[in-house]
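In: let me see the structure of the following:
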Amino acid sequence: MRRVIHPRIAYRSSLVIAATLAVLVSDAWPQQTAAEQEPPATSTAAPAPPSDASIAKAKEVLAELTSAVGGREAAELRSLVFEADMRRVFGERELTGTFTMRFLFPDKFQRVDEFQRPDGMPGGTVTTTVDGEESWTEAEGGRFGGGRFRGGPGPGEPGGPRGAQQSDGPRGGRANMARAEFYRALLGVLPSSAERSGLTFAHAGEAQAENGQIADVLDVTADRFAARLFVDRETRLPLMMTYQAPNFLGGMRVRRPPPQGASDEEQRKAREEMRREMRAQGPPPMVESQLFFSEYAREDGLQMPHKITRQVDGQVQEEWTITKVEVNPDLEPGQFQKKG
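Out: Take a look at the predicted model:
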């Protein structure tokens, strides 16, 4: 069996890890255009398709994983909602808040972030929704302004007046980011339902940590999505996920936003200047993000992680603490459709 070694990954015996989340850019970072969010085209040949043997082995691992997560309850899951406290690190700054994630299988997903200002006051709400091939983001309150956008300039930005709706199509930059977040959240919190949502799996080998802990490694792919999932050989629960993502903080020099209480015009000018600076520096580099899961506990028969940590180059960039879980709540398709 091919052995996949990741020397930078320090497995901890107390960690049971897995995946979620794409970077939702905070109000301090302007939204990029679809072209900037897409990785540059290269002449590198496409990787060879996985072998039948690797696909068959992946199915074996997934069957064992489904049994460990909850067996029949996991296989027949229709919907899921969870709430979490969140902390994001932006260099010397931190952003805290709460969020709610909703899943209606196989292809509907919604994340609602409620940010908190350093003074304890509400800092705005961002809602990202995936409904099959469609996806969009709505921002309200704080320095977000208001409105809905699916591409192009955001609300209150040049070329994107408040409340305006722009579209870069179902395969544009924001659509890809939203769908990637859906896939990562699904793989991290409930990987037993991932196959139903169009993801494909191939067994890539195994990884062994310095402490002897062994994990099966699964390559997970979909249209414009790729990640690597590590499944504990002993517990059959996810240990970790790795994926490539833009590093919006890696060496980029962007001025600070105006202080709270600044006028709308001051905030608009600051966002425009930050956007110019980021574009002048070019697209952010792609780096490997690592998602670690811990504190597994049962929720209505399902084993779910309640602590999730995202790291880049060994530095924590985001932490979640799941505080509430609803298994098979009554969700309607209309909750995942655009309003108005």
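In: from here on, contacts and neighbour counts on C-alpha atoms
Out: Fine.
In: average pLDDT across stretch 199-212?
Out: In this model, stretch 199-212 has a mean pLDDT of 90.
In: mind listing the strands for the stretch 101-250 of the chain?
Out: 108-116, 122-131, 134-140, 146-149, 200-208, 214-222, 225-232, 238-246 (DSSP state E, counting those that start in this stretch).
In: how far out from the middle of the chain is the fifth one?
Out: This means strand 200-208. Counting by CA atoms, centre = their mean, to the nearest Å, strand 200-208 is centred 21 Å from the centre of its parent chain.
In: how about the second one?
Out: Put simply, strand 122-131 sits 13 Å off its chain's centre (CA atoms, centre = their mean).
In: what sits up against it?
Out: Surrounding strand 122-131, the residues in contact under the criterion CA atoms under 8 Å, 6 or more residues apart in numbering are 107-117, 135-144, 178-179, 182, 336-337.
In: report the buried residues of it.
Out: For strand 122-131, burial by neighbour count (16 or more other CA atoms under 10 Å) applies to 123-131.
In: what mean pLDDT does it get?
Out: 88.
In: switch to numbering from 877
Out: Sure thing, new numbering starts at 877, so read that last one as strand 998-1007.
In: quick one, that strand and strand 1010-1016 angle?
Out: With axes from the mean of the first three to the mean of the last three CA atoms, to 10 degrees applied, the angle from strand 998-1007 to strand 1010-1016 works out at 170 degrees.
In: in the chain, which spans are helices?
Out: In the chain, the helices defined using DSSP state H lie at 910-913, 928-945, 948-951, 1049-1065, 1140-1157.
In: highest mean neighbour count out of those helices?
Out: helix 1049-1065 (a mean of 25; mean count of other CA atoms under 10 Å).
In: which elements pack onto that helix?
Out: helix 910-913, strand 998-1007, strand 1010-1016 (3 or more CA pairs under 8 Å, 6 or more residues apart in numbering; DSSP states H and E).
In: can you find the helix or strand of this protein with the lowest average pLDDT?
Out: Using mean pLDDT, DSSP states H and E, the weakest-scoring helix or strand in the chain turns out to be helix 910-913, at a mean of 37.
In: coming back round to it: would you show me how to pick out the buried ones of the contacts of strand 998-1007 in ChimeraX?
Out: Here is the ChimeraX command that selects the buried residues among the contacts of strand 998-1007 (16+ other CA under 10 Å):
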select :983,984,985,986,987,988,989,990,991,992,1011,1012,1013,1014,1015,1016,1018,1019,1020,1054,1055,1058,1212
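In: distance to Gln1089 added to the buried residues of strand 998-1007, as CSV?
Out: As requested, those are exported to CSV (distance: CA to CA, whole Å):
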residue, distance to Gln1089
Gly999, 42
Gly1000, 42
Thr1001, 41
Val1002, 39
Thr1003, 38
Thr1004, 37
Thr1005, 37
Val1006, 36
Asp1007, 39
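In: which one of these is nearest Leu1062?
Out: Using CA to CA, the shortest approach to Leu1062 within the buried residues of strand 998-1007 belongs to Val1006, at 12.6 Å.
In: so where's this structure uncertain?
Out: 877-923, 1018-1049, 1124-1137, 1216 (pLDDT under 70).
In: try 50
Out: The model of the chain has pLDDT under 50 over residues 877-920, 1020-1044.
In: against Leu1115, how distant is the closest residue to Tyr1172 other than its chain neighbours?
Out: Spatial nearest neighbour of Tyr1172, chain neighbours left out: Pro1181 (4.1 Å); criterion: CA to CA, 6 or more residues apart in numbering. Going from Pro1181 to Leu1115 by CA to CA, to the nearest Å gives 10 Å.
In: distance check, Lys1215 against Phe975.
Out: Taken as CA to CA, the span from Lys1215 to Phe975 is 20 Å.
In: apologies, that question was intended for Arg1174.
Out: Arg1174 is 21 Å from Phe975, by CA to CA.
In: and the two? Which one has more around it.
Out: Per other CA atoms under 10 Å, whichever of Arg1174 and Phe975 has more neighbours is Phe975, with 19 against 13.
In: ok, now which ones touch the residue nearest to the more buried one when sequence neighbours are not counted?
Out: In space, and not counting its chain neighbours, Phe975 is closest to Asp989: 4.3 Å by CA to CA, 6+ apart. Contacts of Asp989 were listed using CA under 8 Å, 6+ apart, and they are 973-976, 1001-1003.
In: again, only using 10 Å
Out: Going by CA atoms under 10 Å, 6 or more residues apart in numbering, Asp989 touches 900, 959-962, 972-977, 1000-1004, 1015.
In: check Met1180 too.
Out: Met1180 touches 945-946, 1064-1067, 1113-1114, 1169-1174, 1198, 1201, counting by CA under 10 Å, 6+ apart.
In: among those, who's most crowded?
Out: Busiest of these [other CA under 10 Å] is Pro1114, holding 31 neighbours.
In: distance of the spatially closest residue to it that is not a sequence neighbour from Ser1139?
Out: Excluding the flanking residues, the one nearest Pro1114 by CA to CA, 6+ apart is Val1107, at 4.2 Å. Distance from Val1107 to Ser1139, counting by CA to CA: 50 Å.
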